[in-house]
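K.L.:
need a 3D model of the sequence below.
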Amino acid sequence: MSRPADPAAPSRAVPPSRSTKLGDFTIDRGALRLIAMAPVVATAGTAAAWALLQLIALVTNLAYFGRLSTAAVDLAQSPWGIAAALVPPVGCLIIGLMARYGSEKIRGHGIPEAIEAILIGSSRIQPKVAVLKPLSSAVSIGTGGPFGAEGPIIMTGGALGSLFAQLFNLTAAERKTLLVAGASAGMTAIFGTPVAAVLLAVELLLFEWKPRSLIPVATAAIVAAAWRPLLFETGPLFAFGGMVDLSGPALLAVIGVGIAAGFGSGILTALVYGFEDLFERLPIHWMWWPVLGGVAIGIGGLVEPAALGVGYDSIRALLAGHLPPSDVLRLLVVKALIWSIALGSGTSGGVLAPLLIMGGALGALEGTVLPGGSGVWALLGMAAMMGGTMRSPLTAAVFAVELTGNLAMLPALLAACIAAYAVTVLLLKRSILTEKIARRGHHILREYIVDPFELTRVGDVMVAQVDTLPAAMPVDDAVAFFTDESGGPRHKSYPVVDAAGRPVGMVARADVLRWMVSGWPRGTSLADAVAGGPLVLGHADEMVGRLADRMAEGDAGRIPVTRREDGVLVGIVARKDLLRVRARLRTEEIERARLLRPGGQR
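P.N.:
Prediction:
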């Protein structure tokens, strides 16, 4: 509309969808394509998980026993003796070199990088990250790093899903779905926990709960679960048959374990980022930081060899109650210190398995004074520490059930996880996963709410009394109308309507100013001047969210609202009207009222 248009040019109205049918969910047939792609991504994620575990075992045998093998080993039996303390620094040096000359994104435990790729990077992960992340994690864990394999495989599976998605003409939202599908498949393959993997996707990675993403992600987890018996051991990874009765004092004890785990989560988070801050103050390049972290790992391994590596044997021992309290305390302290130092140094590795060990150790110590055996309390501590630290209580509770095959523990697990979650969300603004992203200048809100724009109809916010300009008005008169200050304040734009009251365009003050500069043919009417220009329309019965989308796409400040049956103007919506929807939600959050009073008075 920068110049009067050709009178013969057709109007380019952008009407809303003619469909008035609204549903509970937004999904179309495009989701079928994602569902069909999910098994491919799941297969790749499962294969990557198997390859990562084999690679970790190979590196471990090479580093600590000097042999080419993928057999399970006990690091305490290494023939190197005290010289084994040099293995972690060497491995961490390799990781520092890979990070500096390969990709800096391999540093850390992987989940923050996956979240950042989803929210900020349009779900695009570089191919070299898909290769270097599992390699660096295998070196890190295989040389004694006190980490788990789940973070790296989540990042690797996500990278494979992203790379596969990039081969097709997909949106960023669709790429996100396949990225998370790969991550969920990898987690399912490692632990055999498909339900927890889907919940983790919802609570931590998807940032939405929509069928178009949930169904493909669940499909990938199910396919990975189907592949798992062919590549891994069958049955629960940590079978456990203990039980706790939630009646009376036992419930208070369960909640107490959860609260203690919540405070433990806060301490661990503070330790990790406290050490990271210390490393950043060092006058050396960050490439060398992992070496210093490796020195701490080596020393810790001399004190407590069980603190090194993934530590699945330690988890089984804690659940079985086979460790004396002194050994449990030493495992907890050494694991927490070397894990937080190494993670703060930027070494590559996951957080989930270490959280299980540290939470389990804390619970086992509490079990020395609680009834029912230390194994039950160790399991509750594991789940609560995971739920509090990762701020994913539902995932943690179900994860513990699937890991142990003990469904009877679910109520107690949920109580402990929720208690830990309550402590951490009240005490800490960020979790251990999102603090790293926040330090890079990005804010993440992990609360899911229904968009108020999708609950409000246009008719509820539109202005019904609309000031308009007639289509037959000459441009000369329109210029005079906008420039005449004696007539009172003017809107920035007005709908131009024909004799039947149907909008044919919008004319704005900016259009008039351009016409005054460039000129216009004498006798031109407003209808001719706005013909061919974009016209975004709305209907009173549609949802505000769809109208707001069209306003953003068309860069329209005011949109005429018309009747569906005849196109007659019935109202107008401006950007300020959209703010009223937000204001209404804000009012519901802050305005308090006592609706019932004693005696039945209101």
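
K.L.:
where does this protein have low pLDDT?
P.N.:
Across the chain, the ranges flagged by pLDDT under 70 are 1-21, 108-110, 487-488, 520-522, 599-602.

K.L.:
quick one: residues contacting the residue nearest the centre of it.
P.N.:
In the chain, the centroid-proximal residue (C-alpha atoms, centre = their mean) is Leu205; its distance is 2.9 Å. With contact set as C-beta atoms under 8 Å, 6 or more residues apart in numbering, Leu205 has these partners: 114-115, 118, 158, 180, 183. Every residue, glycine included, has its C-beta placed from N, CA and C.

K.L.:
those into CSV, with extra columns for secondary structure?
P.N.:
Compiled in CSV, the contacts of Leu205 are given as follows (DSSP: H, G, I helix; E, B strand; the rest coil):
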residue, secondary structure
Ala114, helix
Ile115, helix
Ile118, helix
Gly158, helix
Val180, helix
Ala183, helix
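
K.L.:
considering the residues you listed, which is situated nearest to Asp549?
P.N.:
For the contacts of Leu205, the residue nearest Asp549 by C-beta to C-beta is Ile118; the value is 21.1 Å.

K.L.:
name the nearest residue to the closest one, ignoring sequence neighbours.
P.N.:
Leaving aside its chain neighbours, Ile118 sits nearest to Lys176 (5.2 Å; criterion: C-beta to C-beta, 6 or more residues apart in numbering).

K.L.:
quick check: that neighbour vs Leu206, distance?
P.N.:
In this view, Lys176 and Leu206 are 7 Å apart by C-beta to C-beta, to the nearest Å.

K.L.:
which residues do these two both contact?
P.N.:
118, 213.

K.L.:
which residues does the closest residue to Thr404 other than its chain neighbours contact?
P.N.:
Leaving aside its sequence neighbours, Thr404 sits nearest to Phe240 (C-beta to C-beta, 6+ apart; 3.9 Å). By C-beta under 8 Å, 6+ apart, the residues touching Phe240 are 319, 375, 379, 404-406.

K.L.:
ok, now with 10 Å
P.N.:
Shown in contact with Phe240 (C-beta atoms under 10 Å, 6 or more residues apart in numbering): 315-316, 319-320, 375-376, 378-379, 400, 403-406, 409.

K.L.:
drop anything exposed from these.
P.N.:
Applying 16 or more other C-beta atoms under 10 Å to the contacts of Phe240, the neighbour count classes 315, 319, 375-376, 378-379, 400, 403-404, 406, 409 as buried.

K.L.:
include secondary structure and distance to Trp339 when you put the residues you listed into a markdown table, please.
P.N.:
Output for those, formatted as a markdown table (DSSP: H, G, I helix; E, B strand; the rest coil; distance: C-beta to C-beta, whole Å):
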| residue | secondary structure | distance to Trp339 |
| --- | --- | --- |
| Ile315 | helix | 14 |
| Leu319 | helix | 20 |
| Gly375 | helix | 23 |
| Val376 | helix | 25 |
| Ala378 | helix | 18 |
| Leu379 | helix | 20 |
| Ala400 | helix | 20 |
| Leu403 | helix | 20 |
| Thr404 | helix | 23 |
| Asn406 | coil | 26 |
| Met409 | helix | 26 |
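
K.L.:
and which of those residues is nearest Gly248?
P.N.:
Among those, and counting by C-beta to C-beta, the member closest to Gly248 is Val376, at 15.8 Å.

K.L.:
once you drop chain neighbours, what's closest to the closest one?
P.N.:
Computed as C-beta to C-beta, 6+ apart, the closest residue to Val376 that is not its neighbour in sequence is Gly242, at 4.2 Å.

K.L.:
what is the burial count for the one you found?
P.N.:
Per other C-beta atoms under 10 Å, the neighbour tally for Gly242 reads 21.

K.L.:
what's the answer for Glu447, then?
P.N.:
5.

K.L.:
what secondary structure does it sit in?
P.N.:
Assigned with three-state DSSP, Glu447 falls in the coil class.

K.L.:
in contact with it: list those residues for me.
P.N.:
Contacts of Glu447 were listed using C-beta under 10 Å, 6+ apart, and they are Val425.

K.L.:
hang on, the residue nearest to Val376 packs against Leu413?
P.N.:
No. If you go by C-beta atoms under 10 Å, Gly242 and Leu413 don't touch, sitting 11.4 Å apart.

K.L.:
between those two, what contacts are shared?
P.N.:
379-380, 404, 406.

K.L.:
which strand or helix spans Ala47?
P.N.:
Secondary structure from DSSP states H and E places Ala47 in helix 30-65.

K.L.:
next SSE downstream of that helix?
P.N.:
helix 87-101.

K.L.:
so how far is that next one from its chain's centroid?
P.N.:
29 Å (C-alpha atoms, centre = their mean, to the nearest Å).

K.L.:
packing partners of that helix?
P.N.:
On a contact count with 3 or more C-beta pairs under 10 Å, 6 or more residues apart in numbering; DSSP states H and E, helix 87-101 meets helix 30-65, helix 127-142, helix 289-303, helix 325-344.

K.L.:
kindly recompute the last result at 8 Å.
P.N.:
The contact analysis (3 or more C-beta pairs under 8 Å, 6 or more residues apart in numbering; DSSP states H and E) places helix 87-101 against helix 30-65, helix 127-142, helix 289-303.

K.L.:
please identify which of those is closest to Lys492.
P.N.:
helix 30-65 (37.6 Å).

K.L.:
grab the nearest non-local neighbour of Phe263.
P.N.:
That would be Val423: by C-beta to C-beta, 6+ apart, it lies 6.2 Å from Phe263.

K.L.:
how many residues are close by the one you found?
P.N.:
21.

K.L.:
in this structure it contacts Ser265, no?
P.N.:
Yes. The pair Val423 / Ser265 is scored as a contact, 7.5 Å apart, by C-beta atoms under 8 Å.

K.L.:
mutual contacts of those two, please.
P.N.:
Counting by C-beta under 8 Å, 6+ apart, the residues touching both Val423 and Ser265 are Gly388.

K.L.:
what about the residue nearest to Ile118, how many residues nearby?
P.N.:
Lys176 has 27 nearby residues by other C-beta under 10 Å.

K.L.:
any idea how far it is from Phe207?
P.N.:
Lys176 sits at a distance of 8 Å from Phe207 (criterion: C-beta to C-beta).

K.L.:
which residues do these two both contact?
P.N.:
Common neighbours of Lys176 and Phe207 are listed as Ile118 (criterion: C-beta under 8 Å, 6+ apart).

K.L.:
chain neighbours aside, what residue packs nearest to Arg446?
P.N.:
Arg391 (6.6 Å).

K.L.:
so who does that neighbour touch?
P.N.:
203-204, 421, 424-425, 431, 433, 446.

K.L.:
can you rerun that using 10 Å?
P.N.:
203-204, 265, 420-421, 424-425, 428, 430-434, 446.

K.L.:
Throw those into TSV and include neighbour count, thanks.
P.N.:
Below are these laid out as TSV (neighbours: other C-beta atoms under 10 Å):
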residue	neighbour count
Glu203	21
Leu204	23
Ser265	29
Ala420	34
Tyr421	24
Thr424	24
Val425	16
Leu428	19
Arg430	18
Ser431	24
Ile432	27
Leu433	24
Thr434	23
Arg446	15
